[in-house]
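# Provided below for reference: sequence and predicted model.
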Amino acid sequence: MSSSMEKVLQICHRHFFAKPVLCNDSIDHFIFGPVGELLKNNLYQEWLYSTVTKSDVTVFPYHTGKSLKDVGRGLLEPFEHVKAMNNGQLPFGIAVKDFGDRGKHGVEESSEELIKESLYFRPHNCTTLRLFMFVHPTHGMQFFDQWQRQRKIWWRKFSASPGRFSLADIHSENDGLTVHIQAEFSWGLENVETICHKGTALFDVLGKSEKELFEAKDGRRKIIPHVVESTINLDGAVFTFLCDAYDETTFLGLPREIMRFHRKLAPYKASFAAASSSASVSEELSQLALYLTRELRSCGILTLLLPDVAKKSLESQFIRNDELGIPYTAVLNDSSLKTGIIGLRSRDTTLKEQLHCSDLKLYMERLLKNY
């Protein structure tokens, strides 16, 4: 196993991002700790925002509660409902959060033997995010091409190293055209998303009466839509961004590990660090940090406040926050109690901006609002 992968696994263990559960020399599933679960949820919310909220085409979310193995029949019920809501007209989409055995429905694997690192991107039991777009047959290829570009941009937008994500060559399979979005790491390329232009292949296994239920309007005619599907293994995507975010730097001549999560994906957006001259001042700084934490949380900014604030060295607090990937740390000291001035330290630059504590909530909202 490569040294970079070992270091990612070590930091995952140290802060309980994710724990792989092995079974027969493969990864059966991941156990996500508190920080990893937040990262996973943020990633899912950003996928949902991109595919449903921000989509130019009307897309409806659908939750199966189980593995969607028989896709054609499994989509029949939501398709009928969505078609009725959309007045039977194309295009429209269905976004599915699918659980269970990955089987053949995760990101496709190469027929070549997988290297050991790749196993961490392909847990057997996982959550799969699948988008099915139902489009007019004449628009299928156009949407297929557009969706490839949009999805590549999505991965790059959240990456600490955007250039690592690229599109592989399109290849033809029995049920249509397939292309992978790949991430390049020191040990090789990993497929992180699969996009397929399936045409009408999903419906070929259905009986005539079932197939007719998938017909949509085209003027006075009825047509069978073409299907473009994209698939992401959510658990593998979490591990992708763990590997992507990991970085090593030098500070004051000493090596330091940093998780450079995009601020939208970062499990916690802010935390606190304090240095005090006495035990009584330490208690006052802890109370100020608690007050500011409540202010930030009240506007939806997930903030980490631990009991040892003002009880450990500033440097040790910065190291922990950097390893957790927290983008901003509010730094308090004795004078903060008199002047209200605090420092807001950036994880990526290690520089601190000075601002009044009463401005912290509004300033943080502005920092986190945009992508």
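Done, it's in. Numbers count the residues shown, from 1 in each chain.

# contacts and neighbour counts: CA atoms only from here.
OK.

# Any stretches of the stretch 1-150 of the chain with poor pLDDT?
Filtered on pLDDT under 70, the stretch 1-150 of the chain yields the residue ranges 65-69, 101-115.

# could you pull out the helices for it?
Listed in chain order, the helices of the stretch 1-150 of the chain (DSSP state H, counting those that start in this stretch) span 3-14, 34-48, 71-74, 76-85, 140-157.

# Over to the stretch 151-300 of the chain?
Counting by DSSP H, counting those that start in this stretch, the stretch 151-300 of the chain has helices at residues 208-212, 234-245, 279-298.

# Check those helices for me and report the most buried one.
Ranked by mean neighbour count, the helices of the stretch 151-300 of the chain are led by helix 234-245 with a mean of 23 (mean count of other Cα atoms under 10 Å).

# quick one on the thing from earlier: can I get the helices of the stretch 1-150 of the chain in TSV including mean neighbour count?
What follows is the helices of the stretch 1-150 of the chain, written out as TSV (neighbours: other Cα atoms under 10 Å):
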stretch	mean neighbour count
helix 3-14	16
helix 34-48	19
helix 71-74	15
helix 76-85	16
helix 140-157	16
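
# Those: which one's closest to Phe214?
Proximity to Phe214 (Cα to Cα) singles out helix 76-85 among the helices of the stretch 1-150 of the chain, at 7.2 Å.

# for the closest residue to Arg347 other than its chain neighbours, what are its contacts?
In space, Arg347 comes closest to Pro327 once its chain neighbours are excluded; the distance is 5.0 Å by Cα to Cα, 6 or more residues apart in numbering. Contacts for Pro327 (Cα atoms under 8 Å, 6 or more residues apart in numbering) come out as 260-261, 263, 266, 268-270, 346-348.

# Write the PyMOL selection for whichever of those are buried.
Here the buried members of the contacts of Pro327 are turned into a PyMOL selection, burial being counted by 16 or more other Cα atoms under 10 Å:
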select buried, resi 260+261+263+266+268+269+270+346+347
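
# Next, give me the two most distant ones among the contacts of Pro327.
Farthest pair in the contacts of Pro327, by Cα to Cα: Tyr268 and Asp348, 14.8 Å.

# how close does the residue positioned nearest the centre of the chain get to Arg14?
With distances taken as Cα atoms, centre = their mean, the chain has Leu43 as the residue nearest its mean C-alpha position (2.3 Å). Computed as Cα to Cα, to the nearest Å, the Leu43 to Arg14 distance reads 21 Å.

# For Lys352, what are phi and psi?
When read as degrees, to the nearest 10, the backbone of Lys352 gives phi -120, psi 130.

# And the pLDDT at it?
For Lys352, the model assigns a pLDDT of 96.

# okay if I get the helices of the stretch 1-150 of the chain as CSV plus distance to Asp204?
Shown next, in CSV, are the helices of the stretch 1-150 of the chain (distance: least, Cα to Cα, whole Å):
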stretch, distance to Asp204
helix 3-14, 43
helix 34-48, 29
helix 71-74, 9
helix 76-85, 14
helix 140-157, 17
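
# Please name the residues that touch Ser159.
241, 244-245, 261-262.

# Let's see that with 6 Å instead.
By Cα atoms under 6 Å, 6 or more residues apart in numbering, Ser159 lies in contact with nothing.

# any idea how far Leu265 is from it?
From Ser159 to Leu265 the distance is 10 Å (Cα to Cα).

# Got the domain ranges for the chain?
If you go by automatic domain parsing, the domain ranges for the chain are 3-245, 268-369.

# Go through the ones you listed and name the closest to Pro255.
Pro255 sits nearest to domain 268-369 of all the domains of the chain, at 10.6 Å, using Cα to Cα.

# That closest one spans what distance, first to last residue?
First-to-last residue span, domain 268-369, Cα to Cα: 15 Å.

# For the contacts of Pro327, could you give me JSON lines that also reports distance to Thr200 and pLDDT?
Shown next, in JSON lines, are the contacts of Pro327 (distance: Cα to Cα, whole Å; pLDDT from 0 to 100):
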{"residue": "Arg260", "distance to Thr200": "42", "pLDDT": "98"}
{"residue": "Phe261", "distance to Thr200": "39", "pLDDT": "98"}
{"residue": "Arg263", "distance to Thr200": "40", "pLDDT": "96"}
{"residue": "Ala266", "distance to Thr200": "39", "pLDDT": "98"}
{"residue": "Tyr268", "distance to Thr200": "43", "pLDDT": "98"}
{"residue": "Lys269", "distance to Thr200": "44", "pLDDT": "98"}
{"residue": "Ala270", "distance to Thr200": "48", "pLDDT": "98"}
{"residue": "Ser346", "distance to Thr200": "50", "pLDDT": "97"}
{"residue": "Arg347", "distance to Thr200": "49", "pLDDT": "96"}
{"residue": "Asp348", "distance to Thr200": "48", "pLDDT": "94"}
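
# about what we covered before: export the domains of the chain as TSV, with columns for distance to Arg256.
Formatted as TSV, the domains of the chain follow (distance: least, Cα to Cα, whole Å):
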stretch	distance to Arg256
domain 3-245	12
domain 268-369	7
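
# Tell me which of those sits nearest to Gly253.
Between Gly253 and the domains of the chain, the shortest gap by Cα to Cα is with domain 268-369, which sits at 13.5 Å.
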